[in-house]
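Engineer: sequence first, predicted model second:
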Amino acid sequence: SGGGLFLPAGLNRALADATVLNTERLEIVTASGVRALEVEIADTPAKQALGLMYRTQLPDTAGMLFTHPGERELSMWMRNTYIPLDMVFIRADGTIHRIAAMTEPHSEEIIASNGAVAAVLEIAGGAAQRLGIKAGDTVRHRHFKTAQ
(Lines give C-alpha, C1' and ligand atoms only; values in the text may rest on other atoms or scores of the structure.)
Protein backbone atom coordinates (compact mmCIF):
# COMPACT_ATOMS: atom_id res chain seq x y z
CA SER A 1 0.00 0.00 0.00
CA GLY A 2 1.00 3.60 -0.19
CA GLY A 3 1.34 6.39 -2.68
CA GLY A 4 -1.14 9.10 -3.43
CA LEU A 5 -1.27 12.73 -2.50
CA PHE A 6 -0.89 13.83 1.09
CA LEU A 7 -3.05 16.90 1.51
CA PRO A 8 -4.45 18.66 4.56
CA ALA A 9 -7.69 17.01 5.64
CA GLY A 10 -9.72 20.14 4.91
CA LEU A 11 -8.39 20.23 1.36
CA ASN A 12 -9.17 16.53 0.92
CA ARG A 13 -12.76 17.23 1.96
CA ALA A 14 -13.01 20.19 -0.40
CA LEU A 15 -11.62 18.12 -3.27
CA ALA A 16 -14.00 15.25 -2.54
CA ASP A 17 -16.99 17.60 -2.46
CA ALA A 18 -15.89 19.09 -5.79
CA THR A 19 -15.06 15.72 -7.35
CA VAL A 20 -18.44 14.44 -8.40
CA LEU A 21 -17.77 11.98 -11.17
CA ASN A 22 -19.98 11.71 -14.23
CA THR A 23 -23.27 10.12 -13.30
CA GLU A 24 -25.19 7.40 -15.10
CA ARG A 25 -28.65 5.96 -14.58
CA LEU A 26 -28.83 2.61 -12.81
CA GLU A 27 -32.05 0.71 -12.17
CA ILE A 28 -32.79 -1.90 -9.55
CA VAL A 29 -35.76 -4.19 -10.13
CA THR A 30 -37.32 -4.82 -6.71
CA ALA A 31 -40.43 -6.71 -5.63
CA SER A 32 -42.21 -3.35 -5.25
CA GLY A 33 -41.06 -1.81 -8.54
CA VAL A 34 -38.07 -0.37 -10.35
CA ARG A 35 -35.86 2.03 -8.38
CA ALA A 36 -33.84 4.49 -10.51
CA LEU A 37 -30.62 5.97 -9.15
CA GLU A 38 -28.05 8.38 -10.56
CA VAL A 39 -24.69 6.84 -9.76
CA GLU A 40 -21.13 8.03 -10.10
CA ILE A 41 -18.86 5.47 -11.77
CA ALA A 42 -15.64 4.54 -9.96
CA ASP A 43 -13.88 2.57 -12.70
CA THR A 44 -10.21 3.48 -12.16
CA PRO A 45 -7.92 2.78 -9.20
CA ALA A 46 -7.79 6.49 -8.33
CA LYS A 47 -11.57 6.91 -8.36
CA GLN A 48 -11.99 3.69 -6.39
CA ALA A 49 -9.41 4.75 -3.80
CA LEU A 50 -11.26 8.02 -3.15
CA GLY A 51 -14.74 6.52 -3.40
CA LEU A 52 -17.20 8.39 -1.20
CA MET A 53 -14.57 9.51 1.31
CA TYR A 54 -15.15 12.92 2.89
CA ARG A 55 -18.74 13.22 1.61
CA THR A 56 -21.12 14.56 4.23
CA GLN A 57 -24.40 13.65 2.54
CA LEU A 58 -25.81 11.31 -0.08
CA PRO A 59 -29.44 11.27 -1.25
CA ASP A 60 -31.27 7.92 -1.44
CA THR A 61 -31.44 8.28 -5.24
CA ALA A 62 -27.66 8.64 -5.64
CA GLY A 63 -24.67 6.38 -5.17
CA MET A 64 -21.33 5.22 -6.49
CA LEU A 65 -20.77 2.08 -8.56
CA PHE A 66 -17.34 0.46 -8.21
CA THR A 67 -16.86 -1.67 -11.33
CA HIS A 68 -14.38 -4.49 -11.90
CA PRO A 69 -13.68 -6.74 -14.90
CA GLY A 70 -14.98 -10.26 -14.28
CA GLU A 71 -16.07 -11.64 -10.95
CA ARG A 72 -13.95 -11.98 -7.82
CA GLU A 73 -14.11 -11.59 -4.06
CA LEU A 74 -14.22 -7.85 -3.34
CA SER A 75 -13.71 -6.00 -0.10
CA MET A 76 -14.32 -2.43 0.97
CA TRP A 77 -13.76 -0.29 4.05
CA MET A 78 -15.00 2.98 5.50
CA ARG A 79 -11.76 4.89 6.19
CA ASN A 80 -12.39 8.66 5.93
CA THR A 81 -16.05 8.00 5.13
CA TYR A 82 -18.22 10.34 7.18
CA ILE A 83 -21.68 8.85 6.62
CA PRO A 84 -23.02 5.30 7.00
CA LEU A 85 -23.39 3.46 3.70
CA ASP A 86 -25.14 0.38 2.38
CA MET A 87 -22.78 -1.69 0.23
CA VAL A 88 -24.60 -3.65 -2.44
CA PHE A 89 -22.44 -6.46 -3.89
CA ILE A 90 -23.51 -7.35 -7.45
CA ARG A 91 -22.67 -10.34 -9.68
CA ALA A 92 -21.73 -9.96 -13.35
CA ASP A 93 -25.27 -10.92 -14.39
CA GLY A 94 -26.70 -8.02 -12.36
CA THR A 95 -28.02 -10.12 -9.47
CA ILE A 96 -27.54 -8.59 -6.04
CA HIS A 97 -25.43 -11.12 -4.12
CA ARG A 98 -25.40 -9.45 -0.70
CA ILE A 99 -26.03 -6.15 1.05
CA ALA A 100 -23.90 -4.90 3.94
CA ALA A 101 -26.28 -2.38 5.53
CA MET A 102 -25.42 0.68 7.60
CA THR A 103 -21.64 0.27 7.51
CA GLU A 104 -19.84 2.19 10.23
CA PRO A 105 -18.26 5.56 9.32
CA HIS A 106 -14.46 5.76 9.74
CA SER A 107 -14.15 2.01 10.39
CA GLU A 108 -11.18 0.16 8.90
CA GLU A 109 -12.97 -3.18 9.30
CA ILE A 110 -12.98 -5.09 6.02
CA ILE A 111 -16.43 -5.50 4.47
CA ALA A 112 -16.24 -8.52 2.17
CA SER A 113 -18.53 -9.55 -0.67
CA ASN A 114 -18.54 -13.15 0.65
CA GLY A 115 -18.57 -14.45 -2.91
CA ALA A 116 -17.49 -13.58 -6.43
CA VAL A 117 -18.97 -10.28 -7.63
CA ALA A 118 -18.29 -7.79 -10.43
CA ALA A 119 -19.26 -4.55 -8.71
CA VAL A 120 -20.18 -2.79 -5.50
CA LEU A 121 -22.86 -0.12 -5.33
CA GLU A 122 -22.52 2.23 -2.37
CA ILE A 123 -25.70 4.05 -1.39
CA ALA A 124 -26.79 6.02 1.66
CA GLY A 125 -26.97 3.99 4.86
CA GLY A 126 -30.46 2.50 5.23
CA ALA A 127 -31.45 3.34 1.63
CA ALA A 128 -31.63 -0.33 0.60
CA GLN A 129 -34.28 -0.97 3.24
CA ARG A 130 -36.10 2.31 2.51
CA LEU A 131 -36.19 1.51 -1.24
CA GLY A 132 -37.05 -2.19 -0.78
CA ILE A 133 -33.76 -3.43 -2.28
CA LYS A 134 -32.87 -7.01 -1.32
CA ALA A 135 -30.39 -9.75 -2.22
CA GLY A 136 -31.64 -11.49 -5.36
CA ASP A 137 -32.95 -8.27 -6.95
CA THR A 138 -31.66 -7.37 -10.42
CA VAL A 139 -29.51 -4.34 -11.26
CA ARG A 140 -29.76 -2.88 -14.76
CA HIS A 141 -26.76 -0.89 -15.97
CA ARG A 142 -24.36 -1.15 -18.93
CA HIS A 143 -21.77 -2.87 -16.71
CA PHE A 144 -24.00 -5.93 -16.22
CA LYS A 145 -25.26 -8.53 -18.66
CA THR A 146 -28.83 -7.45 -17.77
CA ALA A 147 -28.25 -3.94 -19.20
CA GLN A 148 -31.05 -4.21 -21.78
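Structural biologist: All right, it came through fine. Residues are numbered from 1 along each chain as shown.
Engineer: switch to C-alpha atoms for all contacts and neighbour counts from now on
Structural biologist: OK.
Engineer: I'd like the distance between the residue nearest the centre of the chain and Ala92.
Structural biologist: For the chain, the residue nearest the mean C-alpha position is Glu122 (2.3 Å; C-alpha atoms, centre = their mean). Glu122 sits 16 Å away from Ala92, going by C-alpha to C-alpha, to the nearest Å.
Engineer: spit out the contact partners of the residue nearest to the centre of the chain.
Structural biologist: Contacts for Glu122 (C-alpha atoms under 8 Å, 6 or more residues apart in numbering) come out as Gly63, Met64, Leu65, Leu85, Asp86, Met87, Val88.
Engineer: for the closest residue to His68 other than its chain neighbours, phi and psi?
Structural biologist: With sequence-adjacent residues excluded and distances taken as C-alpha to C-alpha, 6 or more residues apart in numbering, His68 is closest to Ala118, at 5.3 Å. Taking degrees, to the nearest 10, you get phi -110, psi -10 for the backbone angles of Ala118.
Engineer: ditto for Gln48
Structural biologist: When read as degrees, to the nearest 10, the backbone of Gln48 gives phi -70, psi -30.
Engineer: that one and Leu65 touch, don't they?
Structural biologist: No - judged on C-alpha atoms under 8 Å, Gln48 makes no contact with Leu65 at a distance of 9.2 Å.
Engineer: the more surrounded of those two?
Structural biologist: Leu65 (28 against 17; other C-alpha atoms under 10 Å).
Engineer: where's Met64 relative to Ala31, distance?
Structural biologist: Distance, Met64 to Ala31, by C-alpha to C-alpha: 23 Å.
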